[in-house]
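Visitor: Whatever this is, show me its structure:
(chains A and B)
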Amino acid sequence: MDASTLGMWTFLITEVLFFGGMFAAYAVYRNMYPDAFASTSKFMDVILGGTNTAVLICSSLTMVLAVRAAQLSKRRDLILFLILTMIFGTIFLVIKGFEYHAKWVEHLVPGFDFQYDEPRYQHNAQILFFLYFCMTGMHALHMIVGLGLLTYLLVQAKRRIFNANYFAPVEMIGLYWHFVDIVWIFLFPLLYLIGHRR
Amino acid sequence: MSTQHHVPIPKVGTLVAVWATLIVLTGLTSYVSYFELGEWNIVVALIIAVTKASLVAWIFMAVRHTTSLTKLFCVAGLAWLSILILLTYSDYSTRDWTYQAKPWATNKAAGTSR
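Guide: Numbering: from 1, shown residues only, chains lettered A, B, ... in the order given. Coordinates of the predicted model:
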């Protein structure tokens, strides 16, 4: 048990550094073009972004309750909370899809007919949107992988694999799911909140 | 198959309290962002984000119940992350600093630093 926890954390640290590279790029470019970056916040939908933050926090709660149900050998609760976690994860991705579509309609996808309403920031604002799609895109990919892992857990739970003596996979995939939540906890303020809102 | 009975089972009340705190902090950070506080917008947003991440790691990810070795790994991960960001950032933010031998002498002679 301790060994698998340590191994999972080692993997998560490599993930921290993977996302850390993009956060470092964000810090460097924000320092270079602070005004252009601040001007992009008004194009971010804080209501949708905030809703998605809340949705992910709810999914983390249901995930940790799923682990608890497994620890207590409550199979029905485990299945219920796994399904709820998957529903919240899917809601997040659907909302993210609507946001991406809005960016496409508003010509804010870098490289594809990018048009910014302030011509002086045309090039530098594009860097922010490039980072936006890289960071939220990699995050969404991690969510999709997480949904796949939860599907695996659901199948195993239905086969009565997990009980108070064996629930390590539930706990480890839970750690992964919470990590993806933490990444979003940092992406939300950095991409949506900091900057000029009008 | 090893038994896992030694793992403490979290109380539902604790988990729900952490969830409620996270939701309130999300609302707070969104609300504060509507005020123009200059540099303080970034400071407040990051303090709230670090608080939320710490709550998720400590309670939801149960770092509080892990071994000292796992805690050490978590801290080491943060240390490497800070090396990555701080060294990269300090490089880029000081690239415009031009090297001048005896800048005081140059300033006197030319009357300008550049």
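
Visitor: pLDDT below threshold where in chain B?
Guide: Chain B contains residues with pLDDT under 70 at B:1-6, B:99-114.

Visitor: longest helix of it?
Guide: The longest helix of chain B (DSSP state H) is helix B:68-93.

Visitor: Indicate whether it makes contact with chain A.
Guide: Yes - for helix B:68-93 and chain A, the contact criterion (C-beta under 8 Å from any C-beta of the partner chain) is met by B:69-70, B:73-74, B:76-78, B:80-81, B:84-85, B:88-89, B:92-93. C-beta coordinates here come from the backbone N, C-alpha and C atoms, glycine included.

Visitor: name the helices or strands packed onto that helix?
Guide: Counting contacts by 3 or more C-beta pairs under 8 Å, 6 or more residues apart in numbering or on different chains; DSSP states H and E, helix B:68-93 packs against helix A:2-32.

Visitor: How far off centre is the helix it packs on?
Guide: Taking C-alpha atoms, centre = their mean, to the nearest Å, one finds helix A:2-32 lying 13 Å from the centre of the chain it belongs to.

Visitor: Would you quantify the distance from the residue nearest to the spatial centre of chain B to chain A?
Guide: The residue lying closest to the centre of chain B (C-alpha atoms, centre = their mean) is residue B:50, at 5.4 Å. As judged by C-beta to the nearest C-beta, to the nearest Å, residue B:50 and chain A stand 9 Å apart.

Visitor: Give the buried residues for the longest helix seen in chain A.
Guide: Assignment by DSSP H gives helix A:122-158 as the longest helix of chain A. Using 16 or more other C-beta atoms under 10 Å in any protein chain shown as the test for burial, helix A:122-158 gives A:124-133, A:135-136, A:139-140, A:142-143, A:146-147, A:149-150, A:153-154, A:157.

Visitor: burial count for the nearest residue to residue A:4 once chain neighbours are set aside?
Guide: Counting by C-beta to C-beta, 6 or more residues apart in numbering or on different chains, residue A:4 lies nearest to residue A:168, which is 5.2 Å off, once chain neighbours are set aside. By other C-beta atoms under 10 Å in any protein chain shown, 18 other residues sit near residue A:168.

Visitor: Who are the packing partners of the lowest-mean-pLDDT helix or strand in chain A?
Guide: Least confident element among the helices and strands of chain A, by mean pLDDT, DSSP states H and E: helix A:34-39 (a mean of 86). Applying 3+ C-beta pairs under 8 Å, 6+ apart, one finds that helix A:34-39 contacts helix A:122-158.

Visitor: got the CA positions of whichever helix or strand comes after the helix it packs on in CSV?
Guide: For helix A:122-158, the following helix or strand on the C-terminal side (DSSP states H and E) is helix A:168-188. Extracted in CSV, the C-alpha atoms of helix A:168-188 (Å, rounded to 0.1, in the frame of the first residue of the first chain):
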residue,chain,number,x,y,z
ALA,A,168,-5.5,0.3,-4.0
PRO,A,169,-6.6,1.0,-7.7
VAL,A,170,-9.5,3.1,-6.5
GLU,A,171,-7.2,5.1,-4.2
MET,A,172,-4.4,5.5,-6.9
ILE,A,173,-6.8,6.7,-9.6
GLY,A,174,-8.4,9.0,-7.0
LEU,A,175,-5.0,10.6,-6.5
TYR,A,176,-4.7,11.1,-10.3
TRP,A,177,-8.2,12.6,-10.5
HIS,A,178,-7.4,15.1,-7.6
PHE,A,179,-4.1,16.0,-9.3
VAL,A,180,-6.0,17.0,-12.5
ASP,A,181,-8.4,19.0,-10.3
ILE,A,182,-5.4,20.9,-8.7
VAL,A,183,-4.0,21.7,-12.2
TRP,A,184,-7.4,23.4,-13.0
ILE,A,185,-7.4,25.2,-9.7
PHE,A,186,-4.2,27.0,-11.0
LEU,A,187,-5.4,27.4,-14.6
PHE,A,188,-8.6,29.1,-13.7
